[in-house]
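> how does the following fold in three dimensions:
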Amino acid sequence: MTEATFPQCRISTERLLNPETTERLLNKLIEIPGIRRMVLNGPNLPATVTYGPAKGLANPHTMRKTIHVGDQEIPLQVHVGTILLELENREIIPALQAACEAVFTHWTFRIQEGRYMKTTPSLVDYCKYGPDADKDILGMADPSSKSKPVIIQGTK
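Next comes the predicted model:
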């Protein structure tokens, strides 16, 4: 269980982000010290069609690409709509605002403060990762996913 309560923010825009915009924003965000955890939310982009008459065939979606964040290559599994962040402290929010303003020049965005991520282990976390799960991935488990969350190493 997390002993401290860390502030959380949600970055939302008026539209879904394309992979290039997501890559630019994430590269700016990883340069900001003090971001503890980050979750990209949006519609799933499966590699194969999951239902209907084309079930099992390749799903040629233009938004499913591999992006480069820092020194890592990350395959996008969602069409990013919102980004959830857990911060060390509230003094980081102006840096988040500046990073978003540099990337979102043609449309509006909002940074909202609230509680968006779980801070204690859930039943899904216990079933997926066991009783000794890494505290950095609490609340980030998708019960239907067969993979673990991608960990991006930023500056500390």
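
> distance from the chain centre to the lowest-mean-pLDDT helix or strand in the chain, please.
When the helices and strands of the chain are compared on mean pLDDT, DSSP states H and E, helix 123-129 comes out lowest with a mean of 77. Relative to the chain's own centre, helix 123-129 is displaced by 19 Å; criterion: CA atoms, centre = their mean, to the nearest Å.

> same thing with stretch 56-65?
When distances are taken as CA atoms, centre = their mean, stretch 56-65 is centred 20 Å away from the chain's centroid.

> need the contact partners of it.
For stretch 56-65, the external contacting residues (CB atoms under 8 Å, 6 or more residues apart in numbering) are 16, 18, 19, 45, 46, 47, 48, 49, 75, 76, 77, 79. For glycine as for every other residue, the C-beta is placed from the backbone atoms N, C-alpha and C.

> filter the residues you listed down to the buried ones.
With neighbours counted using 16 or more other CB atoms under 10 Å, these contain these buried positions: 19, 45, 76, 77, 79.

> would you agree residue 136 falls within a strand?
No. With DSSP: H, G, I helix; E, B strand; the rest coil as the criterion, residue 136 is assigned helix and is not in a strand.

> from what I see, it and residue 38 are in contact.
No. Counting by CB atoms under 8 Å, residue 136 stays clear of residue 38, with 10.6 Å between them.

> which one's more surrounded, these two?
In this comparison of residue 136 against residue 38, neighbours counted by other CB atoms under 10 Å, the higher total goes to residue 38 at 21 against 11.

> any stretches of the protein with poor pLDDT?
Applying pLDDT under 70 to the predicted model, the residue ranges of the chain that meet it are 1-4, 138-156.

> what helix or strand does the residue of it positioned farthest from its centre sit in?
The centre of the chain is farthest from one residue, residue 53, which by CA atoms, centre = their mean lies 31.4 Å away. Taking DSSP states H and E as the definition, residue 53 sits outside all helices and strands.

> residues in contact with residue 20?
With contacts defined as CB under 8 Å, 6+ apart, the neighbours of residue 20 are residue 67.

> hmm, I typed the wrong one, I wanted residue 37.
The neighbourhood of residue 37, defined by CB under 8 Å, 6+ apart, consists of 85, 86, 117, 136, 140.
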